[in-house]
Every structure is written in C-alpha cells, then in structure tokens.
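>>> The following comprises the amino acid sequence and a computationally predicted model.
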Amino acid sequence: MKQVALLGATGSIGIQTLDVIRLHPEEFSLYALAFGRNLEKALPLIKEFKPEVIVVQDEPTKERLQSEIHHGQILIGGEGLIEASVADPVDVVVNAVMGSIGLPATLKAIQAKKLIAIANKETLVTAGHLVMQEAKKHNVELLPVDSEHSAIYQSLNGENKKDIHKLIITASGGSFRDKKREELVGVTVKDALNHPNWSMGAKITIDSASMMNKGLEVIEAHWLFDVPYDQIHVILHRESVIHSMVEYVDRSVMAQLGTPDMKVPIQYALTYPNRLDLPITKQLDLEEIATLHFEKMDMERFPCLRMAYEAGRTGGSMPAVLNAANEEAVQLFLEEKISFLEIEQLIERALESHERIHNPDLSTILSIDEETRKRVRFHLN
Ligand SMILES: NC(=O)C1=CN([C@@H]2O[C@H](COP(=O)(O)OP(=O)(O)OC[C@H]3O[C@@H](n4cnc5c(N)ncnc54)[C@H](OP(=O)(O)O)[C@@H]3O)[C@@H](O)[C@H]2O)C=CC1
Ligand SMILES: CC(=O)[C@@H](O)[C@H](O)COP(=O)(O)O
Ligand SMILES: [Mn+2]
C-alpha cells in the first residue's frame, strides 16, 4: 500500500489522481491532500478520502474548513506543503499544483527521499538544475506525469542513454492551431480555453494555445532526461495520439500512443515499474482514427516556443524569468487585463531586461521569480 501526498488535489491532475486512487484502494491510500482556496471542490474529497493531513493556502480557508470537518490536521501555505510532503508515512508525493509555488516542497520531498510524481512542470523550468542536483544527490527518481515526458520515459525503458539520437515531443497546436498570427488579434479567453483534445486547468490550456506549454516541456525534457536542446525536437501532431517519441542512433523510433487521457500517465507514475488495469480510460481505436497528421513547427508563428528554446539554451536564471513572466502574463490574460498577443510581448520584455545569473541558488531563484512577476505587472501601467 502506497501512502500518497497529493498537492493540487482540486485541480485537473489532482481530480484524475484521485480517480486512480479510488480505482485501486488496495494499492493506494491518500495520506495528505493539499489545495488552494477552492473549499467547495475540496470538501467532498476530504469527506470521501479522510486524509490525515490537509493543506490550504491561507488562514481564512483554514477557518472555513475547520467549521466543516472534525478529523485531520490542517496546515497552511508553502510550509504546509513541505510538511505534508516530508511526513514519515508518505511514500510518494504527487506534485500537481500550478506554478513555481511547487518548487520548495519538491526540493524538500527529494531531500526526504520521497518518490516524486511530477506534473508541476513550472518547478523544473524554474530550477531544473537544483531539482536534478538534489535528486541525484539523494538518489531519488522523478517520475514524469506530463503526458509527453511519460511517453519519453516509457520509450526509454531498458535503453542506453548514450544511444539516444533525439527526443521528439508532439504538440497538438492548441486552440488556435488553425489561425494565422494576424487572426490572433482580439481572440477571447473563452476561445483560448477551448482546447481541441485535452481537458485541463486554465493556465496550461492558455500555455497550449500560445505554444509556451511546448516550450516549458522542452526545458522540462532537457532536465528530466539530461538531453541537450539541439537533440530535443517539437512536431505538430493534431490528434494527440502519439504522446512523444525517442529516436535512437540506429534510426529506430520508439513511441508511446494512447487516447488523450491523463489518467494513463498519472497511474503509470504511481505504479512504475508495474502496470495496472485502467478500465475508466477508453482504449485507443486506430481504425476509428484512421489518419494521423504531422507538421513542421514554425518558430515565427509560435514565438513563445522560440523564446523557451533561447531561455533554455542561455540557462542560468533565464528559464526562471521565462516561467515567472509567463505565469503572470497568463494570469493577466485570464483576468481580461491584456490581450492574447500581449502575453508573448510581456515575456519578451521581461527576458530582454534581465541580466542572466549563472547557477542561481534557491533564494536567488525565488527573488527573481518575485521580481519578474512585479516587472510584468509594472509594464502594464
Ligand atoms: N491538466 C493537465 O492535463 C496537465 C497538467 N500539467 C501540469 O500539472 C500542474 C497542474 O495543472 P492543472 O491540474 O491543470 O491545474 P489546475 O489549475 O486545474 O489545478 C491547480 C491546483 O493547484 C492548487 N493550487 C494553486 N495555487 C496553490 C497554492 N498557492 N497553494 C496550494 N495549492 C495551490 C489549486 O487549488 P484550488 O483549486 O484551490 O485553486 C488546484 O488544486 C501544472 O503544472 C500543469 O502544467 C501537466 C500535464 C497535463
Ligand atoms: C496533457 C498534457 O500533457 C498537456 O501538456 C498537453 O500536452 C497539452 O497539449 P499541447 O500543448 O500539445 O496542446
Ligand atoms: Mn504535456
């Protein structure tokens, strides 16, 4: 029986993680459940799973929760996320919070030698060098939940790292894949949230529409698999059936396929190296799909992907700036304070005005993250 600490339980990945836990009560038990402020969503989950530890974002949410439940310890904020993740009974931490807020808890969980199932890509983009350094030092494996990285992980099973020729990450193209750049003027939040293949949280759905999601995934892959940027390729594949591929030096290509359903990579991260039945997910029917499409990625059409490659290659503090500027700009777009195209403009300005710091430590990363967010908001005035 694996005891799970689930960070971000009320989100898209969190809810699907609970679907997997619910399916296999003999395999998994929920020890800790963390969320932000969405008590309405969290309350039925807390009542159903009865976790020993609950983490909420702030004191008012804790007070509201205390009037509703009478079991479990309630912790608050970033310190609460850390305490829940490193608790003795925890075997695996599923990090499914949105944003770089997930970084300190990931680092502490690694230091406590917990298995990490990582969905929270912003953590790896912001401080991949620190996360991987700690993982190596403490001999902890990070199991990818992101569908592309799970596909690559599965395609690397039993192979030698030295035989990798390139990683091929597939991109659906997101909500605006059939629009030209000039047609992006005036697109709405509702349009952007209309992802063709996946049902996901709001922030990642906007990232998918801007292609920043693929940019973040390129940096995530660089750190998870220790592969140079020149060997990480992105290809447009509108069906999201092939979740990513690995080409080897002998020209053999290994791919992982499946219906677009995050329960598959979530469960794989929880059961690795084994597999379990997953009857709640539709089987892939290639006869029904009949045709798969692939297109070359156009960096001028998708400048966020270009900026992510550049930030990744420059390294140091640049990816942290890219991520923080993107998080803040996407939030402004969701609040309807900026247009869709202003997201990339704000990120570009944040990157241009930042002087790279080589090998930043955690406190430097955290202050760059905060500074960048302020600068993005300031550019608005
Ligand atoms: N959704 C998907 O299919 C995929 C997601 N990912 C990655 O997984 C992560 C989660 O994505 P997704 O599930 O879509 O996001 P959601 O926005 O749906 O969920 C985010 C979760 O994080 C919680 N949260 C937000 N801020 C805080 C905070 N300050 N403290 C504690 N909890 C917080 C939210 O709580 P509350 O509800 O209370 O606000 C919610 O539970 C992201 O990094 C994303 O890039 C990767 C691949 C696929
Ligand atoms: C499900 C998942 O892993 C997302 O990151 C997904 O890949 C988004 O799709 P695109 O970014 O390819 O549109
Ligand atoms: Mn993905």
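Sure, I can see it. Everything numeric in this text was worked out from a predicted model, so none of it was measured. Ligands and ions are numbered 1, 2, ... in the order given.

>>> Which single residue of the stretch 1-150 of the chain ends up nearest ligand 2?
At 3.4 Å from ligand 2, residue 147 is the closest residue in the stretch 1-150 of the chain, using CB to the nearest ligand atom. For every residue, glycine as well, the C-beta is placed using N, CA and C.

>>> can you pull the contacts of that residue?
By CB atoms under 8 Å, 6 or more residues apart in numbering, the contact set of residue 147 is 240, 243, 244, 260, 262, 264, 265.

>>> Run a quick neighbour tally on residue 285.
9 (other CB atoms under 10 Å).

>>> ignore the last one, residue 364
Residue 364 has 15 neighbouring residues, counting by other CB under 10 Å.

>>> again with residue 27
16.

>>> what's the closest residue to ligand 1 within the chain in contact with, if anything?
Nearest to ligand 1 in the chain, going by CB to the nearest ligand atom, is residue 11, at a distance of 1.9 Å. Residue 11 makes contacts with 35, 96, 97, 98, 201, as judged by CB under 8 Å, 6+ apart.

>>> mind checking how far the second one is from residue 33?
According to CB to CB, to the nearest Å, residue 96 stands 11 Å off from residue 33.

>>> Can you give me the buried ones in stretch 10-24?
Within stretch 10-24, the residues that count as buried by 16 or more other CB atoms under 10 Å are 10-21, 23-24.

>>> Just these: which are in strands?
Residues of the buried residues of stretch 10-24 located in strands (DSSP state E): none.

>>> got the buried residues for stretch 140-147?
Using 16+ other CB under 10 Å as the test for burial, stretch 140-147 gives 140, 142, 143, 144, 145, 146, 147.

>>> quick one, what contacts the nearest residue to residue 97 once chain neighbours are set aside?
Nearest residue to residue 97 in three dimensions, chain neighbours excluded: residue 8, at 3.9 Å (CB to CB, 6 or more residues apart in numbering). Each residue near residue 8 by CB under 8 Å, 6+ apart is listed here: 14, 34, 35, 94, 95, 96, 97, 98, 102, 119, 120.

>>> any idea of the mean pLDDT in stretch 333-343?
For stretch 333-343, the mean pLDDT works out to 97.

>>> Check which residues of it are buried.
The neighbour-count check on stretch 333-343 (16+ other CB under 10 Å) flags 333, 334, 338, 340, 343 as buried.

>>> okay, these in JSON lines with secondary structure next?
Converted to JSON lines, the buried residues of stretch 333-343 look like this (DSSP: H, G, I helix; E, B strand; the rest coil):
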{"residue": "333", "secondary structure": "helix"}
{"residue": "334", "secondary structure": "helix"}
{"residue": "338", "secondary structure": "coil"}
{"residue": "340", "secondary structure": "helix"}
{"residue": "343", "secondary structure": "helix"}
